[in-house]
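Peer 1: sequence first, then the predicted structure:
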Amino acid sequence: MKNYMGKFLGAWLVGSILSLYTTFVIMNLWNWFASPALHVPEISFWGMFGLVLLVGLLAEGHQIAEEAGWKNMIA
């Protein structure tokens, strides 16, 4: 039981670090390119983090709906 908890915590830690790093990279790309090119305000780290989470949830929901559609078409 302890081994599963260690694996879970390790996977959670790696996932969290990757999520924060992805947010940092996308935020810097936005502030470097999109903000001056589109004349929009810069975005904060936590604002971009929320946007990344929102897009991830919407994309995941679309993927689930798409898989259900294929299953209905095949069955």
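Peer 2: Received the coordinates, thanks. Everything quoted here is computed from the prediction, not taken from an experiment. Numbers count the residues shown, from 1 in each chain.
Peer 1: next SSE downstream of the one helix or strand G10 maps to?
Peer 2: Element membership for G10 (DSSP states H and E) is helix 2-29. Counting by DSSP H and E, the next helix or strand C-terminal to helix 2-29 is helix 35-38.
Peer 1: pLDDT of that next one, averaged?
Peer 2: Taken as a whole, helix 35-38 has a mean pLDDT of 93.
Peer 1: ok, stretch 52-70 next?
Peer 2: Averaging pLDDT along stretch 52-70 gives 73.
Peer 1: now do stretch 17-28
Peer 2: Rounded mean pLDDT across stretch 17-28 is 95.
Peer 1: list the buried ones in it?
Peer 2: T23, I26, M27 (16 or more other CB atoms under 10 Å). Using the backbone N, CA and C atoms, a C-beta is placed for each residue, glycine as well.
Peer 1: distance to A37 added to these, as TSV?
Peer 2: Output for those, formatted as TSV (distance: CB to CB, whole Å):
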residue	distance to A37
T23	21
I26	15
M27	16
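Peer 1: what is the nearest of those to V52?
Peer 2: Top of the list for closeness to V52, among the buried residues of stretch 17-28 and by CB to CB, is T23 at 5.2 Å.
Peer 1: confirm for me that the closest one is in contact with V52.
Peer 2: Yes: judged on CB atoms under 8 Å, T23 makes contact with V52 at a distance of 5.2 Å.
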